[in-house]
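Engineer: give me the fold of what follows.
(one chain, ligands or ions: 2)
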Amino acid sequence: MPKVLISDKMDPKAAQIFRERGVEVDEITGKTPEELIAIIGEYDGLAIRSSTKVTKAILDAATNLKVVGRAGIGVDNVDIPAASAKGVVVMNTPFGNSITTAEHAIALMFALARQLPEANAQTQAGTWPKNGFMGVEVTGKTLGLIGAGNIGSIVADRALGLRMKVIAFDPFLSPERAVELGVEKVELDQLLARADFITLHTPLTEQTRNILSAENLAKTKKGVRIINCARGGLIDEAALKDLLDSGHIAGAALDVFVTEPAKEHTLFGTPNFVATPHLGASTSEAQVNVAIQVAEQMADFLMTGGVTNALNSPSISAEEAPRVKPYMALAEKLGSLVGQLSTGAIPRISIHSEGAAAEVNQKPIVSAVLAGFLRTQTDTVNMVNAPFLAKERGMEVREVRTEREGDYHTLLRVSVKTDAGERSVAGTLFGNRAPRLVELFGIKVEADLAGHMLYVVNEDAPGFIGRLGSLLGEAGVNIGTFHLGRREAGGEAILLLSVDEAVTPDLLAKVKALGGVKTAMALSF
Ligand SMILES: NC(=O)C1=CN([C@@H]2O[C@H](COP(=O)(O)OP(=O)(O)OC[C@H]3O[C@@H](n4cnc5c(N)ncnc54)[C@H](O)[C@@H]3O)[C@@H](O)[C@H]2O)C=CC1
Ligand SMILES: O=C(O)CCC(=O)C(=O)O
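Structural biologist: Ligands and ions are numbered 1, 2, ... in the order given. From the prediction side, this is the model:
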């Protein structure tokens, strides 16, 4: 039974779903990195929010870990390259807390416009500061969105409802989508110059880090109010403090900080500064949503192989998994076959799906071919890290789909570019289920690729099969299945034999020494 650790505070629904799906679950929160390293080896899955930092050190200690599930959106607390290199799938729940976070941004906008936190504090301190808090209306004001994805779009919708004008800077926002959202797409400098309120809704990436730098903050309109419910690191906090102190910026509200938890900060106590402790996603509705979603996704993956919302692996829904999985098995075997039969660098690998194979999700098929191929070179490869490793090795990966059926109702062909030219193998699914090789380097041959096998290329001449059979018999090697293919009578023939034990180097040398043998190789699947 797979075992999952929930290491951050999460709605109890998550644990309930894991148990209902047959996954054992421990909830142990508040561990130090060292304590987590000591226990992580027991677990197949790790479910987190933002407190647990899934570092390379933790991943290195996670000998059984297959999946990290983030109950939330941002995954900057997970070392994704390290997870990918280890073959650990990283999933998030991209929509469950979007409305909640958008609402928090709108709440902070009002908090700034009407100085609500300070007015509340002074009123409750008994000063009745009726004349100290002149606010501004948001109606008719310009809201500048930096990032118009899921959360930014919801903020735009709510702001339009408040009769604001919404402008957006997002290099990936299409003009059509901007029209659909009712926002004006602008360049960053225009946004800085025009916005009365600026709200950030991008992930923290190398492109967005410090997007509101000292230089860019200086370009903002005097009296601007800034809200950040996305990630610390998007704003230069020191420059923000200077411009709040000088009065150029009329207010700033941060839910997120460069260093969290932010228990001390130069911004604390600055007039017109509002802070919340990374509460963007903290509503009961959002937490139930993300807890259910993360548990369902992780349980699907651990119990059925379904992959949803993975950031480093192709998605396969639980519904499509039964259809895609036989293709993945075939793909992995074909990749492994070309890998075992190839020598030297392979600059290009092509995957061609024909007939019914062209109708299924190709991404897992491609990953499976690459995993099968690369496993002949390294044993640390799997579906998750195969595309990364292929890229690292400079391999070009080509995908071709032909929906029309050829000789077979469904066919996968894997071709590699070698020094000797293009070489390809092809296979089908027998009964839509069982992987079967049907072509090897241009020669028709039907074989199951399983267990230990012996591959021989020889001159097609009478008596050869008998001599090979006797040699294997004398060595005590039992033949399971025997497959023969040839280009033409008397030409080059291929023999693929499944054998009950691995072919030893000694026996292989004897096979190679048989008259007429051009190549002999021991294979295993
Ligand atoms: N405070 C909190 O508790 C929460 C914070 N978040 C943060 O909010 C962020 C946004 O979430 P979603 O809207 O769901 O993500 P999303 O991926 O749907 O949207 C992000 C948008 O940023 C845009 N973007 C990327 N690079 C950009 C750049 N260089 N300049 C301008 N725009 C750029 C993208 O095109 C995309 O439209 C998350 O990455 C997460 O860090 C999310 C949930 C809760
Ligand atoms: O889990 C949380 O409270 C933080 C949510 C968040 O930052 C995210 O989903 O990106």
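
Engineer: which residues touch residue 76?
Structural biologist: Counting by Cβ atoms under 8 Å, 6 or more residues apart in numbering, residue 76 touches 203-204, 231. The C-beta positions use only the backbone N, C-alpha and C, and glycine is treated the same way.

Engineer: name the nearest residue to the residue of the chain found nearest ligand 1, ignoring sequence neighbours.
Structural biologist: As assessed by Cβ to the nearest ligand atom, ligand 1 sits closest to residue 149 within the chain, at 1.8 Å. Using Cβ to Cβ, 6 or more residues apart in numbering and skipping residues adjacent in sequence, the residue nearest residue 149 is residue 201, 6.5 Å away.

Engineer: so the one you found touches residue 148, yeah?
Structural biologist: Yes. Between residue 201 and residue 148 there is a contact under Cβ atoms under 8 Å: 7.1 Å.

Engineer: and these two? Which one has more around it.
Structural biologist: Set side by side, residue 201 and residue 148 show more neighbours around residue 201, with 28 against 24, by other Cβ atoms under 10 Å.

Engineer: tell me how far the more buried one lies from residue 49.
Structural biologist: Distance, residue 201 to residue 49, using Cβ to Cβ, to the nearest Å: 19 Å.

Engineer: over to residue 169?
Structural biologist: 29 Å.

Engineer: and for residue 421?
Structural biologist: Counting by Cβ to Cβ, the gap from residue 421 to residue 49 is 53 Å.

Engineer: then residue 308?
Structural biologist: 18 Å.

Engineer: which one's more surrounded, the two?
Structural biologist: Between residue 308 and residue 49, counted using other Cβ under 10 Å, residue 49 has the larger neighbour count: 23 against 16.

Engineer: in the stretch 151-300 of the chain, which residue sits nearest ligand 2?
Structural biologist: In the stretch 151-300 of the chain, no residue comes nearer to ligand 2 than residue 281, which is 3.6 Å away by Cβ to the nearest ligand atom.

Engineer: apart from its chain neighbours, what residue comes closest to that residue?
Structural biologist: Distances taken as Cβ to Cβ, 6+ apart place residue 97 nearest to residue 281, at 3.8 Å, with adjacent residues excluded.

Engineer: again, but for residue 347
Structural biologist: Among residues not flanking residue 347 along the chain, residue 417 sits closest, at 5.6 Å (Cβ to Cβ, 6+ apart).

Engineer: look up phi and psi at that neighbour.
Structural biologist: phi -90, psi 120 (degrees, to the nearest 10).

Engineer: report the beta-bridge partner residues of it.
Structural biologist: Taking DSSP bridges, one obtains residue 348, residue 422 as the residues bridged to residue 417.

Engineer: ok, it - contacts?
Structural biologist: Residues near residue 417 by Cβ under 8 Å, 6+ apart: 346-349.

Engineer: again, 10 Å this time
Structural biologist: Contacts for residue 417 (Cβ atoms under 10 Å, 6 or more residues apart in numbering) come out as 342, 345-350, 395-396, 398, 423.

Engineer: got those as TSV, with distance to residue 288 and pLDDT columns?
Structural biologist: Below are these laid out as TSV (distance: Cβ to Cβ, whole Å; pLDDT from 0 to 100):
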residue	distance to residue 288	pLDDT
342	51	86
345	52	78
346	49	86
347	50	88
348	48	94
349	44	96
350	46	97
395	44	90
396	45	94
398	44	96
423	54	91
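
Engineer: residue 276: which of those is nearest?
Structural biologist: Taking Cβ to Cβ as the measure, residue 276 lies nearest residue 395 of the contacts of residue 417, at 47.3 Å.

Engineer: and the gap between that closest one and residue 200?
Structural biologist: Residue 395 is 38 Å from residue 200, where distance means Cβ to Cβ.

Engineer: what's the answer for residue 245, then?
Structural biologist: The gap separating residue 245 from residue 200 is 21 Å, by Cβ to Cβ.

Engineer: those two - which one has more neighbours?
Structural biologist: Using other Cβ under 10 Å, the more surrounded residue of residue 245 and residue 200 is residue 200, with 25 against 13.

Engineer: could you give the bridge partners of that one?
Structural biologist: Bridge pairing for residue 200 - DSSP bridges - gives residue 146, residue 228.

Engineer: ok, it touching residue 211?
Structural biologist: Yes. Between residue 200 and residue 211 there is a contact at 7.4 Å, judged by Cβ atoms under 10 Å.

Engineer: so what sits against both of those two?
Structural biologist: Shared contacts of residue 200 and residue 211 (Cβ under 10 Å, 6+ apart): 146-147, 230, 234-235.

Engineer: helix/strand/coil for the residue of the chain found nearest ligand 2?
Structural biologist: In the chain, no residue comes nearer to ligand 2 than residue 72, which is 2.6 Å away by Cβ to the nearest ligand atom. What DSSP: H, G, I helix; E, B strand; the rest coil gives for residue 72 is coil.

Engineer: ok, now which ones touch it?
Structural biologist: 8, 10, 48-50, 92-94, 96-97, 101, 280-281, 286-287, 290, 293-294.

Engineer: do the same with residue 278
Structural biologist: Contacts for residue 278 (Cβ under 10 Å, 6+ apart) come out as 49-51, 229, 231-232, 254-257, 260-262.

Engineer: that one and residue 33, how far apart?
Structural biologist: 19 Å.

Engineer: and if you look at residue 268?
Structural biologist: Using Cβ to Cβ, we find residue 268 at a distance of 27 Å from residue 33.

Engineer: neighbour count for these two, which is higher?
Structural biologist: Between residue 268 and residue 33, residue 33 has the larger neighbour count (other Cβ under 10 Å), namely 14 against 11.

Engineer: got the residues of the stretch 151-300 of the chain near ligand 2?
Structural biologist: Contact residues, the stretch 151-300 of the chain versus ligand 2 (Cβ under 6 Å from any ligand atom): 278, 280-282.
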